[in-house]
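Asks: A predicted structure for the sequence below; I have some questions about it.
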There are 2 protein chains.
Amino acid sequence: MNDGSNSQRKTGLKVVALAGGVGGARLADGLAQALPTQDLTVIVNTGDDFEHLGLSICPDLDTVCYTLAGIANPATGWGRAGETWQAFETLGELGGPTWFRLGDRDLGLNLERTRRLHAGQKLSAITRHFCQAFGIQVVVLPMSDDPLPTWVHTSEGILPFQEYFVHRQCQPKVTGFHFEGAERAHPAPGVLESIRDAELVVICPSNPWVSIDPILGVPGVRQAMLVRPTVAVSPIIGGQALKGPAAKMFAELGLEPSALSVAQHYEGLLSGFILDQTDASQSEQIRKLGIAILATDTIMKSSAKRVELAKEVIEFGSKFASAPPAEYPETKKTPKRQI
Amino acid sequence: MNDGSNSQRKTGLKVVALAGGVGGARLADGLAQALPTQDLTVIVNTGDDFEHLGLSICPDLDTVCYTLAGIANPATGWGRAGETWQAFETLGELGGPTWFRLGDRDLGLNLERTRRLHAGQKLSAITRHFCQAFGIQVVVLPMSDDPLPTWVHTSEGILPFQEYFVHRQCQPKVTGFHFEGAERAHPAPGVLESIRDAELVVICPSNPWVSIDPILGVPGVRQAMLVRPTVAVSPIIGGQALKGPAAKMFAELGLEPSALSVAQHYEGLLSGFILDQTDASQSEQIRKLGIAILATDTIMKSSAKRVELAKEVIEFGSKFASAPPAEYPETKKTPKRQI
């Protein structure tokens, strides 16, 4: 958590971070600690949001907020520290579905978010309110206030994201994805503005396919990023994802799970790429794509390591950082190929 | 709880009990312990059910079930013993409404009931399932599977029941009630059948206006009761209700809050009436209505006292008890005057 007290020794740099769940949340937390409060905006994937038990659940948004608030469960990365499970234990005893579990405090938040949504409040406004209540000082934005659910195309049919991810534990073989309603969705208030005003955009080490691509799929986001310096941190280390199915997805889509594949995935967007020192041997190939490289220890084992990595990302990224243009060119690029 | 093991020393008598919340639940529990399992059916008020935070909440039904299961909070009478409050504390911290509080385990049950209702299951079927899960052996029936919400007419307008009861803490002055949709509602499966098969109907010491009248307002219930021996236990003791606004309601409606007023309220239905020994002086006036009287200690301070009162009620009621008629007359009585 950034209490603003040490902003004297922080380098000011207007940063926008794109984040999914656990890995993204941890780097976002590092950035929040490394940057002056007013300089960071975190844009969070809402593609894996879903309705369950009548609740509007936003897993990545909550993981980011709990992490920034310092109340995340350090063991799981998701959910809250010191959580209790009375409600879901009872639900299970009564024969209810427990494949997606919510702790009691988490449930309280989800009840209140759902109530506010039903009362007509926007997800972005609700998130702002929750962040205030949690004492989070950086700006956290859902990518969109519109539903934009991720569907996973698999060998066993097209599955809603959480059905694939939690219920089926990523077992079905992936053949592709689509983000329902992406063409009609609007970026949440502040999303495009913060990217346009950013001196640096950081793509956090989240799943490229189901955490970052949904954000890039929101109309205007990719286009706004094309004219801003962007760096990405590889979520693939030594051919593996630290958490989640990113490596499995690359492999099932016929791509080698590697830092290089991640860099290629984001090609056209990146000025720089941060990979783990384990994968330093891939640096040369990535440089050939016209992308600068930083090889370092990217594993955020502790809160201190988050800040350390964040500072390295900022220092590396500041090489490419530039003030936003006074006027934006009317860029109209070919949209990225969808698999 | 009745585990059936002591059914040898129980007097078989087919009893139907009509119950609202805490007082009704406690006598129902006494009856469940005093009667052979198969001989008791409890019909519960659902007039104070309501939708809140997206949940379908059935306060009386849950109070009855938690009490019969031996897991009710002995201090409050409602909710569960040893309950935790993490979800609602969080909801409150985030600015949500906490005037109607649900404990974490209670919340789990409400989530599961709501899920089943949305999936198309009937409240009566869900209640049967929950009773099984809780090890409740007697039959518990909601009065209806149809919504039949109680509205309270007050000096401050017509209020939904829980708005009056919990949110406004019964402060507005009552002028009357109506049970929305009563004319169109159907009794839940088993309700009319159990009354018709009953050798004795017991009206528990619940609020006559907002716990028992809603049950009597379900089409067919009052009519079925007119041909079955019925006794009622007064919820008014020494001019006061042990719990809830019954006495206040009588007074505000221009009636003396007394056991006599309760007996008059149920006039036409009762063969016998059980009042507290404190009110024994009213016995003569009630006898003049053609109603037999039992004056005894009706305060159920302990589980043992519940059983004691239940046994007295059964013994007293069995004087009027009769086998159900082979065929029912086509009675068509004037419906009870609504205030």
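Replies: Received it, and whenever you're ready, just let me know what you need.

Asks: Show me what from the stretch 51-200 of chain A comes close to chain B.
Replies: A:53-55, A:83-84, A:86-91, A:93-97, A:103-109, A:111-112, A:114-115, A:118, A:129-130, A:133 (Cβ under 8 Å from any Cβ of the partner chain). Just so you know, the C-beta spots here come from the backbone N, C-alpha and C atoms, and that holds for glycine as well.

Asks: out of those residues, which are inside helices?
Replies: A:86-91, A:93, A:104-109, A:111-112, A:114-115, A:118, A:129-130, A:133 (DSSP state H).

Asks: Which of those residues are buried, as a ChimeraX select command?
Replies: Of these, the buried ones go into a single ChimeraX selection, burial set by 16 or more other Cβ atoms under 10 Å in any protein chain shown:
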select /A:86,87,88,89,90,91,93,104,105,106,107,108,109,111,112,114,115,129,130,133
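
Asks: Please report the distance of A:D197 from chain B.
Replies: 29 Å (Cβ to the nearest Cβ, to the nearest Å).

Asks: got a list of what that residue touches?
Replies: A:14, A:324 (Cβ atoms under 8 Å, 6 or more residues apart in numbering or on different chains).

Asks: go on, A:I274?
Replies: Here A:I274 is in contact with A:231-234, A:293-296, A:298, A:312-313, A:316 (criterion: Cβ under 8 Å, 6+ apart).

Asks: From the chain's centroid, how far away is stretch A:215-222?
Replies: What separates the centre of stretch A:215-222 from the centre of its chain is 13 Å, taken as Cα atoms, centre = their mean, to the nearest Å.

Asks: how about the CA coordinates for that stretch, as PDB?
Replies: Coordinates of each C-alpha in stretch A:215-222 appear next as PDB, following Å, rounded to 0.1, in the frame of the first residue of the first chain:
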ATOM      1  CA  ILE A 215      -8.500  -5.500 -22.200                       C
ATOM      2  CA  LEU A 216      -6.900  -5.000 -25.700                       C
ATOM      3  CA  GLY A 217     -10.200  -6.100 -27.200                       C
ATOM      4  CA  VAL A 218     -12.100  -3.100 -25.700                       C
ATOM      5  CA  PRO A 219     -12.700  -0.700 -28.600                       C
ATOM      6  CA  GLY A 220     -10.100   2.100 -28.600                       C
ATOM      7  CA  VAL A 221      -7.700   0.500 -26.100                       C
ATOM      8  CA  ARG A 222      -5.300  -1.100 -28.600                       C
END
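
Asks: Which residues belonging to that stretch are considered buried?
Replies: A:215-218, A:221-222.

Asks: Among the contacts of A:I274, name the ones in helices.
Replies: Per DSSP H, the contacts of A:I274 map to helices at A:312-313, A:316.

Asks: which of the residues you listed lies closest to chain B?
Replies: Set against chain B, the nearest of the ones in helices among the contacts of A:I274 by Cβ to the nearest Cβ is A:V313 (31.6 Å).

Asks: ok, now which ones touch that closest one?
Replies: A:27, A:31, A:202, A:231, A:233, A:274, A:294.

Asks: Looking at the residues you listed, which is nearest chain B?
Replies: Nearest member of the contacts of A:V313 to chain B, counting by Cβ to the nearest Cβ, is A:L31, at 24.8 Å.

Asks: now the buried residues of stretch A:215-222 in a markdown table, with pLDDT, distance to chain B and secondary structure?
Replies: Converted to a markdown table, those look like this (pLDDT from 0 to 100; distance: Cβ to the nearest Cβ, whole Å; DSSP: H, G, I helix; E, B strand; the rest coil):
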| residue | pLDDT | distance to chain B | secondary structure |
| --- | --- | --- | --- |
| A:I215 | 98 | 25 | helix |
| A:L216 | 98 | 30 | helix |
| A:G217 | 97 | 29 | coil |
| A:V218 | 98 | 26 | coil |
| A:V221 | 98 | 28 | helix |
| A:R222 | 97 | 33 | helix |
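
Asks: Quick one: those residues as TSV, columns for distance to B:Q169 too.
Replies: Shown next, in TSV, are the buried residues of stretch A:215-222 (distance: Cβ to Cβ, whole Å):
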residue	distance to B:Q169
A:I215	48
A:L216	53
A:G217	51
A:V218	47
A:V221	50
A:R222	55
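
Asks: Could you report the pLDDT at A:T11?
Replies: A:T11 is assigned 59 on the pLDDT scale.

Asks: Understood, closing this out.
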